[in-house]
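> What shape does this take:
(chains A and B)
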Amino acid sequence: MYTLRRWWDRHALKLGLACLALSTAWLLRQTQSAIVFELYQRLTLPFQSVGPSQDDILANAQVQELQQRLTELDNQNRQLQKLLDYKATKPATAITAPVIGRSADHWWQQITLGRGSQEGVKVGAVVSGTGGVVGRVVQVTPHTSRVLLVSDPTSQIGVTISRSRYMGYLRGQSGNRAIMEFFDKVPDVRPGDVVSTSSFSQLFPAGLSIGRIESVDFGKSPAPEAVVELSAPLSYLEWVVVTPSTTFTPPKADAQANTPSDLQSDLQTDDLIPLVPTGLAP
Amino acid sequence: MTDLLLWSPYVRQLLNWGVTAGSVMVCLFVLPSRLPGMELLGVGPNWLLVWVVAWSIKRSPWQGAFAGLVLGLVQDGMTSPDPTHTLSLAAVGILTALLQKQRYVQEDFISVALIVFGMAVLAETVIAVQFSLQGSHFATQNTYRSLAEIWGYHQRIALSSAILSSLWAPVLYYPLNRWWQLVNNIEQTQA
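Residues are numbered from 1 along each chain as shown, chains lettered A, B, ... in the order given. Okay, the predicted model is just below:
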């Protein structure tokens, strides 16, 4: 009894702290380290870049000219759509968010944004930057959100060749490249073709630009593959635009609560079934 | 040092744990940032691994494994719990403690850098093995990476992560080691 007492006197504090450390770590794991990212956001606040100044925008006359033309065409398009009584999804409000961090290990291609659920970011929202699609939000905390980049090997997206409409899916290849696998044996594709999200994609709205075909390997079995150069500069992202997903319905939303890993694996893969887009069905 | 000597042992121990936990927090905050000079081929140093090595180098394998478990859980939360980082970091903690470096080599800088280099390779390998097992387990699902991809990628990041981690290791190891030594000395003079 005495030895037990002495042991307890000597080790009580250590044991308590060890339990505290373990339970804290477990809590962090279960809450997806939300506290860490929140604190990180506060700490990096002074270092977050402010958006481009008005001068920068004005200096680039060509950008301005193109923007004006785009606005003009956008308006024309809207009027024509109104004339045709075209049913489009209403334009969703976009949130601009600074990129405040990269992946916390080397195996995942993720970024952390400085906007969270308080600003209206939801899990499943589409994230795009200058140049095209960047990825999808997989987790949000009150002031930060985590994005799985399209360059992550586990992120798969249904894509199409803009010119010939041949379909396939895109698999990330860490860095600025991705592999596009075709559904057809002999697709009409050549280097330089533009790749965009297809209407088969259930996670991304159709028609978002992804990148360009760099090279094609027709000999690949079971289906040809092409290397796609992603157009968004994923390594140099500073600001991105988060648009709430319109196509996404949370899988098993009404069923029991998902564990984080369940939800994540659901979000990573673009479910390419049904293969007939609703718009084209007879 | 004299100030610390006058403190009550409990307060001092709490301060010691505070410093330890604070250093972990610093590592966690540096992890998602890519500061200039800390990146090679898009890969940064593995700060949690450096911390685990610094912690376990003069401790028992159990303590090393425990530190690996705790930090692994936190990193799981920060990235993805599947595959887990606890296995790789716990293995690093155990092996580093088993090396018993201080018994053979007194010199601290280069030997620590070398240990970190080896452990970084080991940690990435443990994760790669987990990915491979996952791939065979869920062979029907396309979400998981192919074997060729995993090991090709492993070669790239294991090397750059090992180089960067070992180069940056002294930055973390030196102050932490000094602090733990100081606390240890005080405890021994008072005991």
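> contacts and neighbour counts: CA atoms only from here.
Noted.
> looking at it, A:Asp217 is touching A:Ala226, isn't it?
Yes. Counting by C-alpha atoms under 8 Å, A:Asp217 does reach A:Ala226; the two are 5.8 Å apart.
> Can I get stretch A:26-33 as PDB, trimmed to CA atoms?
Taking Å, rounded to 0.1, in the frame of the first residue of the first chain, the C-alpha atoms of stretch A:26-33 are listed here in PDB:
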ATOM      1  CA  TRP A  26      -8.100  12.700 -29.500                       C
ATOM      2  CA  LEU A  27     -10.400  15.700 -29.200                       C
ATOM      3  CA  LEU A  28      -8.400  17.500 -31.900                       C
ATOM      4  CA  ARG A  29      -8.500  14.500 -34.100                       C
ATOM      5  CA  GLN A  30     -12.300  14.200 -33.700                       C
ATOM      6  CA  THR A  31     -12.900  17.900 -34.300                       C
ATOM      7  CA  GLN A  32     -10.600  17.800 -37.400                       C
ATOM      8  CA  SER A  33      -8.100  20.100 -35.500                       C
END
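> Show me which positions of it end up buried.
A:Trp26, A:Leu27, A:Leu28, A:Arg29, A:Gln30, A:Gln32, A:Ser33 (16 or more other C-alpha atoms under 10 Å in any protein chain shown).
> Could I get those in CSV, plus columns for secondary structure and distance to B:Gln63?
Output for the buried residues of stretch A:26-33, formatted as CSV (DSSP: H, G, I helix; E, B strand; the rest coil; distance: C-alpha to C-alpha, whole Å):
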residue, secondary structure, distance to B:Gln63
A:Trp26, helix, 17
A:Leu27, helix, 20
A:Leu28, helix, 20
A:Arg29, helix, 20
A:Gln30, helix, 23
A:Gln32, coil, 25
A:Ser33, coil, 23
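> overlap between those and the residues near chain B?
A:Trp26, A:Leu28, A:Arg29, A:Gln30, A:Gln32, A:Ser33 (C-alpha under 8 Å from any C-alpha of the partner chain).
> follow-up on the earlier one: using TSV, lay out the buried residues of stretch A:26-33 together with pLDDT.
Output for the buried residues of stretch A:26-33, formatted as TSV (pLDDT from 0 to 100):
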residue	pLDDT
A:Trp26	89
A:Leu27	89
A:Leu28	86
A:Arg29	87
A:Gln30	87
A:Gln32	83
A:Ser33	82
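> Pick the one among the residues you listed closest to A:His11.
A:Trp26 (22.3 Å; C-alpha to C-alpha).
> give me every residue that touches that closest one.
B:Val70, B:Leu73, B:Val74 (C-alpha atoms under 8 Å, 6 or more residues apart in numbering or on different chains).
> same question, A:Val240
The contact partners of A:Val240, by C-alpha under 8 Å, 6+ apart, come to A:Thr96, A:Ala97, A:Pro98, A:Val99, A:Val127, A:Ser128, A:Gly129, A:Thr130.
> looking at the residues you listed, which has the most residues close by?
Highest neighbour count within the contacts of A:Val240, by other C-alpha atoms under 10 Å in any protein chain shown: A:Val127, with 26 neighbours.
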